[in-house]
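A.B. asks: sequence first, predicted model second:
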Amino acid sequence: MAGGAAAVAVGFPYVMKARPHAREHVFLVIADAMRADVVGKVVNGREVTPNINALAREGTCFTRAFSASPFTKFSMASIFSGMYPPGHGVEHHLFTLPDCMTMQRFLSKRGYYCLGLTSNPYMVDEIGPRNSRRPMDFGFNSSFNYYWCAFGKNNFDPPAPVGLEQLRAYVTGETLNEFLFDALFERKVSVYAPDSPLFVYLHYMDSHEPWLKTKPIRGITGEFHAQKSESVEDCHRQDVDLIYKLLFSDFPKENAAPAEVERLKAIYLEASAYADRCIGDMIARLKQRGMYEDSTIIFTADHGDELLEHGRIGHCQNLFNTSLEVPLVIKRRGMPRAEVANRVSNAMLLPTLAEWFGDEIAHTNLVSLMPYATDAALGNFEVFASFYGKDKVILADGREAMNHEDALLYFNAAPAADPAELRPLAQDAEALAALKRARFQSERFGKEAGIVRRFSTRDWQNPFARSQDFAAAQLENSGKITAEESARLKSLGEFIPEADRKRLAGDLARIKINASALSSGTRDQLRALGYLH
């Protein structure tokens, strides 16, 4: 926790084996794009994230946690599956979470009612047979009893003024909270069997760009700005002007003035403070209903954000640590109240969950967080991250190797060296070998688990979805395949025309497209329809 006490060094071997109790609920809480250095930060005498800080004091706070990717879809696939991107195969927006063991599948098999609420469009549910919305064996909604992905256009706020519509990209955390507690307890939406323990996935988007709301937020807007003499309304107006300049215009971001950079960072902190307020409201409601003590709460982020440290704003642009370092807090009975400085990955959550249940996950080269939470002598875990086939590894001693644009870069991010990654080093053979080894091992475990890449059924993620639908409909209508088989084959990319498959293979040279699963007779029929050549 930035600004907090030194990490607690626990000098005894790891022996903790606390088993779940009968009514233990599990909450996975994601603050999208929240950087690790936000948690514990104090500005103008005020904590940016007081509710997350309080949660951290009650549990184990990993102060050097990393995500597996700077892009939501890839990172969340790793959090759910306990594998790095080369293992689960979600390395391009074309793909979705495959048929594999996930947190929700693991808990569903143990009697948990699984509820997912998100406003991130990349976490959208997949379309099933005959355009149904029921979960299939793949997709982020798979194994959830109820899954709701809400988009900004569905927000219940009044229409935004002209010029502010882009600030309504996502529904607010308040909306997610209202839906959650209405669904579970007010019975307005009947989704929950009260005799089951809960697994709840909550994904807040308030700390994600463009960060601002269409109106100022009382008690937050302006609180972390240098010029506190501005009125809240004037502050919000100037914030909007800056965000439009930096995010929605052709202005070269690297030319931003120092005062503009500082204002950008204040806007980001205030967005994080609002996300913290929503998370605090959720925790308060759990306490009011007597559920808090019996709940495990896992708080983290899918990735961080660049705020012009390397000339960029946002994420999914590079693999610098500003886009990868995330908060990670676990509040659970039996977990030590401690700050842990060992470097870890939040992709280690599924192996950790499995250990709580006395089980293990065999398909991954990742391990449980529990030993790292209780034994400082273990040191740092070697972490890996990837997006669109570009990779990064951080060795235990802090040396790094990463793909950046068309080059390989090397850094030493150890605290006494170059944590901001501003001074590239000469080639490091050991770091390069670790980079290649991490991808190979991840791919091997995914292959041994029988994991096959799945294409998204959503046309705005998969440009071939509509042509696939048409080809599949021809075979369905002729009675050659069932609707269920059609949905499965579409997810395998089987109806993508061969010319496009070849182009895909060229564009995604490191990503293998599935070998055909169609029978020769079915392929002949598709060829006659013009889909294969």
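C.D. replies: Everything's here; your move. Numbering: from 1, shown residues only.
A.B. asks: alpha carbons only for contacts and neighbour counts from here, please
C.D. replies: Fine.
A.B. asks: pLDDT score for residue 284?
C.D. replies: pLDDT for residue 284: 96.
A.B. asks: no no, residue 456
C.D. replies: pLDDT, residue 456: 92.
A.B. asks: can you point me to the longest helix in this protein?
C.D. replies: Across the chain, the longest stretch assigned as helix under DSSP state H is helix 258-288.
A.B. asks: tell me the buried residues in that helix?
C.D. replies: Within helix 258-288, the residues that count as buried by 16 or more other Cα atoms under 10 Å are 261-283, 286.
A.B. asks: off-centre distance for it?
C.D. replies: 18 Å (Cα atoms, centre = their mean, to the nearest Å).
A.B. asks: check stretch 480-497 too.
C.D. replies: The answer for stretch 480-497 is 28 Å, by Cα atoms, centre = their mean.
A.B. asks: avg pLDDT for that stretch?
C.D. replies: Averaged over stretch 480-497, pLDDT sits at 84.
A.B. asks: buried set for that stretch?
C.D. replies: 481-483, 486-497.
A.B. asks: which of these lies closest to residue 250?
C.D. replies: Set against residue 250, the nearest of the buried residues of stretch 480-497 by Cα to Cα is residue 496 (35.9 Å).
A.B. asks: I'd guessed the closest one sits against residue 470; true?
C.D. replies: No - here residue 496 lies out of contact with residue 470, judged by Cα atoms under 8 Å, at a distance of 10.6 Å.
A.B. asks: coming back round to it: can you name every helix or strand that the longest helix of the chain contacts?
C.D. replies: Judged by 3 or more Cα pairs under 8 Å, 6 or more residues apart in numbering; DSSP states H and E, the packing partners of helix 258-288 are helix 50-58, helix 173-181, helix 232-247, strand 306-307.
A.B. asks: could you point out the helix or strand that follows that helix?
C.D. replies: Downstream of helix 258-288, the next assigned helix or strand under DSSP states H and E is strand 295-300.
A.B. asks: tell me how far that next one lies from the chain's centre.
C.D. replies: Worked out by Cα atoms, centre = their mean, strand 295-300 lies 15 Å from the chain centre.
A.B. asks: now that strand: buried residues?
C.D. replies: Under the neighbour-count criterion of 16+ other Cα under 10 Å, strand 295-300 has 295, 296, 297, 298, 299, 300 buried.
A.B. asks: which strands or helices does it pack on?
C.D. replies: Using 3+ Cα pairs under 8 Å, 6+ apart: strand 295-300 touches strand 25-31, strand 325-331.
A.B. asks: what's in contact with the first one?
C.D. replies: Contacts to strand 25-31, defined as Cα atoms under 8 Å, 6 or more residues apart in numbering, come from residues 197-207, 275, 294-302.
A.B. asks: same check on the last one?
C.D. replies: Strand 325-331 has contacts (Cα under 8 Å, 6+ apart) with 34-37, 39, 55-56, 58-67, 296-304, 346.
A.B. asks: give me that answer again for 7 Å
C.D. replies: For strand 325-331, the surrounding residues in contact (Cα atoms under 7 Å, 6 or more residues apart in numbering) are 34-36, 39, 55-56, 58-67, 296-301, 303-304.
A.B. asks: and if you look at stretch 231-244?
C.D. replies: 216, 221, 222.
A.B. asks: do the same with stretch 437-457
C.D. replies: Contact with stretch 437-457 is made by 84, 86-89, 94-100, 126-127, 363-365, 384, 462, 465, 491-493, as judged by Cα under 7 Å, 6+ apart.
A.B. asks: where does the protein have low pLDDT?
C.D. replies: Residue ranges of the chain with pLDDT under 70: 1-22, 151-166, 168, 185-194, 505-533.
A.B. asks: could you list the domains of it?
C.D. replies: 25-440, 463-528 (automatic domain parsing).
A.B. asks: quick one: buried ones out of the contacts of stretch 437-457?
C.D. replies: Among the contacts of stretch 437-457, those buried by neighbour count (16+ other Cα under 10 Å) are 84, 86-89, 94-100, 126-127, 363-365, 384, 462, 465, 491-493.
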